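S.K.: give me a 3D structure for the following:
(2 chains)
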Amino acid sequence: RKEVEQDPGPFNVPEGATVAFNCTYSNSASQSFFWYRQDCRKEPKLLMSVYSSGNEDGRFTAQLNRASQYISLLIRDSKLSDSATYLCVLNTDKLIFGTGTRLQVFP
Amino acid sequence: EPEVTQTPSHQVTQMGQEVILRCVPISNHLYFYWYRQILGQKVEFLVSFYNNEISEKSEIFDDQFSVERPDGSNFTLKIRSTKLEDSAMYFCASSVFPSDTEAFFGQGTRLTVV
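M.R.: Numbering: from 1, shown residues only, chains lettered A, B, ... in the order given. Alright, predicted model coming up:
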């Protein structure tokens, strides 16, 4: 089983839509979880950390379910500028990346 | 805003040649990393470095690879004898702590081995 699994997409959604990405992980000892965003041929950039209690940052909501080893990212009111690849990332003193889910928001 | 800088942005080299990729991490960070991303694939961990020594390395980081912090600011990745399959984007990253904190990535060096 892969350490981090994500649906590669692409998810094609209209502006204003709500879209959700899921991620599962196999290492139950993982302590920290993140969502990174990567634009085409650019470096990954931290979008948000993910906490067990769930956390929200503007239009973005992240959830962690340790029992199911499952992480989610919800984007509300999608903007054209949200088009990117969203990377589910575990931190075990090094970052373990999923393959990413590509999002394309269209007008 | 402090940032990780990498040079060069693009390096083309012939198979069998040595390359050195350079990085300047954020000045108060203590942990340094190299990752690579082959085109169309996921970002993969290569090596972590702390207190002037390698903390952890992946299976990818074989004897052809080495890292060095030659002075107080630079962090380098050397590939001794490049292969075609070394063609990838190489990202340097740094962080204050190894976990629970954000790792900041440089813009990457695109290595093309011909």
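S.K.: when you work out contacts or count neighbours from here on, use the C-alpha atoms and nothing else.
M.R.: Will do.
S.K.: any stretches of chain B with poor pLDDT?
M.R.: For chain B, the stretches with pLDDT under 70 are B:100.
S.K.: let me know how buried residue 81 is, in neighbour terms.
M.R.: By default, I'm working from chain A. Taking other Cα atoms under 10 Å in any protein chain shown as the criterion, the count of residues near residue A:81 is 10.
S.K.: the intended chain is chain B.
M.R.: 15.
S.K.: in this structure it contacts residue B:18, no?
M.R.: Yes - assessed by Cα atoms under 8 Å, residue B:81 is found in contact with residue B:18 at 5.1 Å.
S.K.: where along chain B do the strands fall?
M.R.: B:5-7, B:10-13, B:19-24, B:31-37, B:43-50, B:53-57, B:65-68, B:75-79, B:88-95, B:104-105, B:109-113 (DSSP state E).
S.K.: beta partners of the residue lying closest to residue A:80 once chain neighbours are set aside?
M.R.: Of all residues not flanking residue A:80 in the chain, residue A:105 sits nearest, at 5.1 Å (Cα to Cα, 6 or more residues apart in numbering or on different chains). Here residue A:105 sits in beta bridges with residue A:13, going by DSSP bridges.
S.K.: how near is residue A:105 to residue B:32?
M.R.: In this view, residue A:105 and residue B:32 are 34 Å apart by Cα to Cα, to the nearest Å.
S.K.: more neighbours: the two, which one.
M.R.: The neighbour comparison of residue A:105 against residue B:32 (other Cα under 10 Å) goes to residue B:32, with 30 against 19.
S.K.: the more buried one and chain A, how far apart?
M.R.: Distance of residue B:32 to chain A, computed by Cα to the nearest Cα, to the nearest Å: 10 Å.
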